[in-house]
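Peer 1: I'd like to go over a predicted model; first the sequence, then the structure.
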Amino acid sequence: MGSYLTNSMDHVTFQGGMGRAELGNFETETAGFGDTTLAAIIGIDDGAREEFQLNLNLGVSFPTGSIEETDQILTPMGMRPEPRLPYPMQLGSGTTDFKPGITYRDRRDKIAWGAQVSGTVRSGRIDEGYTLGDRAEVTAWLGFAQSHALAGFLRLKGVSQGAIDGQDPLIAAPVQTADPANFGGETVEVFLGVNYAGQEGVVRGHRIAAEIGLPLYRNLNGPQLETDLTAQIGWQYAF
């Protein structure tokens with residue numbers, strides 16, 4: 001799996017070190033290919049019942065995304081340098097990461113449910129002087145199939161994201177996202193979604209899923225950007 005990312009962040013700069021007068025606005029942007037993952041899904045159930053699935057997920061993420069992205073900013077002194085951007089604006093982790101997981105699925109008539117436990121384990125500190133924190137995620141869902149093709153689902157997701165270990169000396173902008181202490185924590189979100197799976201003709205093998213999520217709980221390390229709403233849409237083709 002590869003990825004192409006676009007990130008943008010709006011900023012307001014206030015005049016002087018402790019100034020309250022607004023000096024101006026600016027936006028930083030990054031775009032490019034992210035990290036690349038090679039993964040396998042291994043069935044570990046006995047196959048005795050078709051509706052039941054238990055899969056082992058094993059993946060490795062390779063650091064193909066840039067971690068040296070820069071853009072022009074507006075400083076409180078009115079200068080416009082082009083420094084290296086904060087950690088959330090970079091396109092990759094910089095490390096080779098191990099991604100284990102286990103997934104359980106089951107179904108009775110039109111009702112389906114399941115759960116997944118997964119993680120990301122970083123491989124060590126990079127030359128820039130830091131390592132992103134390890135990540136653990138637990139998600140569980142309940143779905144109702146309107147037909148063989150169309151289903152709706154409710155999903156709950158909890159994430160524990162570790163803090164950044166170390167610091168890139170070239171990331172030193174006067175914003176919260178440039179401070180490695182303001183990274184990671186625990187979050188819980190709830191999602192409502194719909195899933196369409198093509199059954200015949202030109203759409204056979206194609207699957208489209210969309211969901212909208214709202215935050216339920218946040219316990220973060222230091223001040224971080226707020227999440228008001230999460231929207232996701234995905235397409236998958238199996239052959």
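Peer 2: That came through fine.

Peer 1: grab the nearest non-local neighbour of Gly198.
Peer 2: His206 (4.3 Å; Cβ to Cβ, 6 or more residues apart in numbering). No exception for glycine: its C-beta is placed from N, CA and C like everyone else's.

Peer 1: how about the contacts made by the one you found?
Peer 2: If you count contacts by Cβ atoms under 8 Å, 6 or more residues apart in numbering, His206 has them with 197-198, 235-237.

Peer 1: just the pLDDT for it.
Peer 2: At His206 the predicted local confidence, pLDDT, stands at 92.

Peer 1: now swap in Gly17 and tell me
Peer 2: We have a pLDDT of 69 for Gly17.

Peer 1: any buried residues in the longest strand anywhere in the chain, and which?
Peer 2: Scanning the chain for the longest strand, with DSSP state E as the assignment, gives strand 206-220. If you call a residue buried by 16 or more other Cβ atoms under 10 Å, then strand 206-220 has these buried ones: 209, 211, 213.

Peer 1: can you name the next helix or strand after that strand?
Peer 2: Using DSSP states H and E, the next helix or strand after strand 206-220 towards the C-terminus is strand 230-237.

Peer 1: now do that following strand against strand 206-220, angle only.
Peer 2: Here strand 230-237 runs at an angle of 150 degrees relative to strand 206-220 (axes from the mean of the first three to the mean of the last three Cα atoms, to 10 degrees).

Peer 1: and strand 230-237, how far out from the chain middle?
Peer 2: Offset of strand 230-237 from its chain centre (Cα atoms, centre = their mean, to the nearest Å): 13 Å.

Peer 1: what's in contact with that strand?
Peer 2: By Cβ under 8 Å, 6+ apart, the surrounding residues in contact with strand 230-237 are 189, 191, 205-214.

Peer 1: one more time with 6 Å
Peer 2: The contact list for strand 230-237, computed with Cβ atoms under 6 Å, 6 or more residues apart in numbering, reads 205-213.

Peer 1: can you tell me which of those comes closest to Gly78?
Peer 2: Nearest to Gly78 out of the contacts of strand 230-237 is Gly213 (Cβ to Cβ; 39.7 Å).
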